[in-house]
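Enquirer: no sequence on this one, just coordinates:
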């Protein structure tokens with residue numbers, strides 16, 4: 001299957017944004033060794049795609065909430081079919097079908113961005129003075145030549161961490177060591193933001209009870225960032241800029257959506273929290289037995305424990321009445337009978 005349509009689409013978006021920056025006065029002249037018009041074109045390529053994919057992102061959040069609501073039923077199935085993996089998977093697929101939940105929906109936005117990533121990777125790899133087809137995919141020869149020599153702080157956008165000195169010289173880079181330093185910083189930033197993006201989502205929605213879902217979460221949290229340590233050195237600097245910008249946009253977007261639509265707490269989480277508070281109270285009070293939780297009134301506010309009061313003694317009732325003879329308890333007591341000798 002030909003991917004030319006993706007290359008044309010990516011090139012069209014890049015060139016339209018570049019035309020906009022050129023129109024408002026941001027030229028391709030280097031400021032701090034950077035061609036800001038092309039850098040901004042890559043950044044707003046991310047913005048364009050994220051706006052288009054926003055409805056898919058909302059569906060991803062809804063699917064994750066639906067999966068979270070099904071966790072008690074999933075746990076019941078795991079206990080019921082413990083040791084029978086085949087039956088468990090069959091029952092779980094039937095549960096997902098009945099409840100119209102898709103465990104793979106959480107990865108859909110990432111899967112949809114893979115063609116975009118591959119398209120940008122191919123387009124930027126073409127940016128070389130040795131390329132004999134500069135007008136391919138809708139580029140003009142002038143724009144192609146400008147993009148070929150575009151750079152970020154002196155590091156050409158088509159360059160990679162592993163580019164040879166000859167390749168860097170053809171791209172107009174004068175300091176190969178500086179290019180490697182900038183590429184390394186970008187790759188490490190790409191790894192860190194990829195990890196933070198996955199971590200933010202997992203901390204807000206919680207770890208899945210389903211082993212398959214939990215495995216996917218672990219893969220996204222640890223596997224993908226670690227794989228970028230190797231594969232990131234093969235990406236053009238322009239692609240790494242795209243990835244870092246996309247991660248930053250994802251962090252902001254997820255924070256907004258999760259704050260506006262917070263995930264519901266499960267009953268198990270609430271019970272566990274209450275038990276933890278009860279155990280903590282017991283430890284502080286030194287109680288040997290279980291401590292009864294404090295009663296709560298309206299709106300969940302704690303009510304004060306009733307104080308144990310000592311009985312009230314009426315001193316007036318115990319006092320002798322006026323005119324009564326005083327009673328001597330020793331005098332009035334009958335002596336004990338003495339035994340006869």
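Expert: Ah, there it is. Being a predicted model, the structure only gives us computed values, none of them experimental.
Enquirer: what's the mean pLDDT across stretch 115-135?
Expert: Throughout stretch 115-135, pLDDT has a mean value of 88.
Enquirer: list the buried ones in that stretch?
Expert: By 16 or more other C-beta atoms under 10 Å, the buried positions in stretch 115-135 come out as 116, 117, 119, 120, 121, 122, 123, 124, 126, 127, 128, 134. The way it works is simple: take the backbone N, C-alpha and C, and place the C-beta from them, glycine included.
Enquirer: mind checking which of these land in strands?
Expert: Cross-referencing the buried residues of stretch 115-135 against strands under DSSP state E gives no overlap.
Enquirer: which strands and helices sit next to the helix of greatest length in the chain?
Expert: In the chain, assigned by DSSP state H, the helix with the most residues is helix 176-205. Packing contacts for helix 176-205, counted by 3 or more C-beta pairs under 8 Å, 6 or more residues apart in numbering; DSSP states H and E, involve helix 54-69, strand 155-156, helix 165-170, helix 224-231, helix 237-260.
Enquirer: weakest of the ones you listed in terms of mean pLDDT?
Expert: Mean pLDDT is lowest for helix 54-69 among those, at a mean of 76.
Enquirer: give me the distance from the helix or strand just after it to the chain's centre.
Expert: Counting by DSSP states H and E, the next helix or strand C-terminal to helix 54-69 is helix 71-80. Offset of helix 71-80 from its chain centre (C-alpha atoms, centre = their mean, to the nearest Å): 25 Å.
Enquirer: what does stretch 187-200 give?
Expert: Using C-alpha atoms, centre = their mean, the offset of stretch 187-200 from its chain centre is 10 Å.
Enquirer: now that stretch: mean pLDDT?
Expert: 92.
Enquirer: how about that stretch: buried residues?
Expert: For stretch 187-200, a neighbour-count test (16+ other C-beta under 10 Å) marks 187, 189, 190, 191, 193, 194, 195, 197, 198 as buried.
Enquirer: didn't the fifth one look like it was pressed against residue 247?
Expert: So the one you mean is residue 193. Yes - between residue 193 and residue 247 a contact is recorded at 3.5 Å, counting by C-beta atoms under 8 Å.
Enquirer: any weak-confidence spans in the stretch 1-150 of the chain?
Expert: 1, 103-110 (pLDDT under 70).
Enquirer: can you map out the helices along it?
Expert: 4-23, 36-52, 54-69, 71-80, 85-99, 108-125, 141-148 (DSSP state H, counting those that start in this stretch).
Enquirer: counting by contacts, list what the longest one packs against.
Expert: Translated: helix 4-23. Going by 3+ C-beta pairs under 8 Å, 6+ apart, helix 4-23 lies up against helix 36-52, helix 108-125.
Enquirer: next SSE downstream of the longest helix of the chain?
Expert: helix 211-218.
Enquirer: how far does that following helix sit from its chain's centre?
Expert: With C-alpha atoms, centre = their mean, you get 14 Å for helix 211-218.
Enquirer: quick one: mean pLDDT for it?
Expert: Helix 211-218 comes out at a mean pLDDT of 79.
Enquirer: okay, the angle between it and helix 54-69?
Expert: Orientation note: helix 211-218 sits at an angle of 130 degrees relative to helix 54-69 (axes from the mean of the first three to the mean of the last three C-alpha atoms, to 10 degrees).
Enquirer: quick one: list the elements packing against helix 211-218.
Expert: Secondary elements touching helix 211-218 (3+ C-beta pairs under 8 Å, 6+ apart): none.
Enquirer: can you list the buried residues in that helix?
Expert: Of all the residues in helix 211-218, those buried under the rule 16+ other C-beta under 10 Å are 213, 216, 217.
Enquirer: related to what we said a few turns ago, of the buried residues of stretch 187-200, closest to residue 67?
Expert: Nearest to residue 67 among the buried residues of stretch 187-200 is residue 198, at 15.8 Å by C-beta to C-beta.
Enquirer: contacts only, for the closest one.
Expert: Shown in contact with residue 198 (C-beta atoms under 8 Å, 6 or more residues apart in numbering): 217, 220, 221, 224, 225.
Enquirer: can you tell me how far it sits from residue 262?
Expert: 19 Å (C-beta to C-beta, to the nearest Å).
Enquirer: ok, residue 92 next?
Expert: 26 Å.
Enquirer: looking at these two, which is more packed in?
Expert: Between residue 92 and residue 262, residue 92 has the larger neighbour count (other C-beta atoms under 10 Å), namely 21 against 10.
Enquirer: thought residue 77 was touching that one, still the case?
Expert: Yes - counting by C-beta under 8 Å, residue 92 touches residue 77, with 6.0 Å between them.
Enquirer: output the helices of the stretch 1-150 of the chain as CSV; include the columns distance to residue 233.
Expert: Below are the helices of the stretch 1-150 of the chain laid out as CSV (distance: least, C-beta to C-beta, whole Å):
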stretch, distance to residue 233
helix 4-23, 22
helix 36-52, 19
helix 54-69, 29
helix 71-80, 39
helix 85-99, 38
helix 108-125, 14
helix 141-148, 21
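Enquirer: if we compare those, which one ends up closest to residue 159?
Expert: Per C-beta to C-beta, nearest to residue 159 of the helices of the stretch 1-150 of the chain: helix 108-125, 9.7 Å.
Enquirer: follow-up on the earlier one: out of the buried residues of helix 211-218, which comes closest to residue 49?
Expert: Nearest to residue 49 among the buried residues of helix 211-218: residue 216, at 22.8 Å, using C-beta to C-beta.
Enquirer: thanks again, I'm all set now.
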